[in-house]
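> Pasting the sequence and the predicted model now:
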Amino acid sequence: MNFIGADSTFEDARTVIFGAPYDSTTSFRPGTRFGPAAMRSESFGIETYSMYQDKDLADVLVHDAGDLELPFGAPDRALEMIEEESGRILDAGKIPFLLGGEHLVTLGSVRAAFKRHPDLCIVHFDAHADLREDYLGVKLSHACVMRRCHDLVGDGRIWQFGIRSGTREERQFMKDGHVATQLFSSTALPDAIEAIGPGTPVYLTVDLDVIDPSEFPGTGTQEAGGLPFRRLLDDLTAILRRLNVVALDNVELSPPLDPTGRSTALACKLLREELLALNLKGTC
């Protein structure tokens, strides 16, 4: 089953969706491995047409490549497989859109983008800093994913928004200027967009727990005080219209943790809007 409206062939598509149903390093409540499949099946509860943008998924070319079959308990190999798939899509001149899964899956796709774009910048929305050097002695963890990304891109290349949870050591890493972090909100996003500029290749990663749990309870580590859906939607639309996003992801939807289904419905609508903004860049 494809995500609604994502019925173009790989050859014709500009954007290619693929899933990474992996949650083996989840430190609290698992279940994100079920996120990609749930988004596909529940997407048929929304319209292909967007009243936010007055556009329809019928107007864009998106291919859904399905889910990778990843080996649980083997994060190194899982990341290699994700990197290979993202690289295949990038080498075909298309934009990979990864659906998680836990946030560690981002690292595989960032590796692929960085190999092809050594001047890559990362824009990161999240409740958590994910800047730990290790978690319980393990460096490949969802709690360390942005630190591993920093290992690749270096200082001054990561912008974080909505962060409201982390350790004292992570906060010091921010204060030392390694990354640009706005705590609690995203009001500084226009300044980041201007600083990055329209020609710089960008990886956009969205941990959906950046949304307030009153709107999005279906995630493994809820944090009060998050962004409202509409604010995040406006932020992502601005990024996708104004910056050179070469790859992106949405991660950390855990459908079993929200039996009402409203979290999955929100994730589906957000994905629709991102696909439209990405594929209709500069048209309105």
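Nice, thanks for sending it over.

> any weak-confidence spans in the stretch 151-284 of the chain?
When residues are selected by pLDDT under 70, those of the stretch 151-284 of the chain lie in 281-284.

> the helices in it, which residues?
Ranges of helices in the stretch 151-284 of the chain, per DSSP state H, counting those that start in this stretch, are 168-175, 189-196, 229-242, 262-279.

> Excluding its own residues, what touches the second one? List them.
Read that as helix 189-196. Residues outside helix 189-196 that contact it (Cβ atoms under 8 Å, 6 or more residues apart in numbering): 121, 123, 159, 161, 180, 182, 202, 235, 238, 239, 242, 243. C-beta coordinates here come from the backbone N, C-alpha and C atoms, glycine included.

> List the residues that contact the fourth one.
Which is residue 161. 123-126, 181-182, 185-186, 188-189, 192, 210, 227, 235.

> again, 7 Å this time
125, 182, 186, 189 (Cβ atoms under 7 Å, 6 or more residues apart in numbering).

> Quick check: it vs residue 226, distance?
Going from residue 161 to residue 226 by Cβ to Cβ, to the nearest Å gives 11 Å.

> so is residue 79 in a helix, a strand, or just coil?
State at residue 79, reduced to three classes by DSSP: H, G, I helix; E, B strand; the rest coil: helix.

> which residue sits closest to it, ignoring its sequence neighbours?
Computed as Cβ to Cβ, 6 or more residues apart in numbering, the closest residue to residue 79 that is not its neighbour in sequence is residue 108, at 4.0 Å.

> List the buried residues in the helix or strand in which the one you found is found.
For residue 108, the element it lies in under DSSP states H and E is helix 105-116. Judged by neighbour count using 16 or more other Cβ atoms under 10 Å, the buried positions of helix 105-116 are 105, 106, 107, 108, 109, 110, 111, 112, 113, 114.

> returning to what we had before: keep only those of the contacts of residue 161 that are in strands.
Using DSSP state E, the subset of the contacts of residue 161 located in strands is 125, 182.
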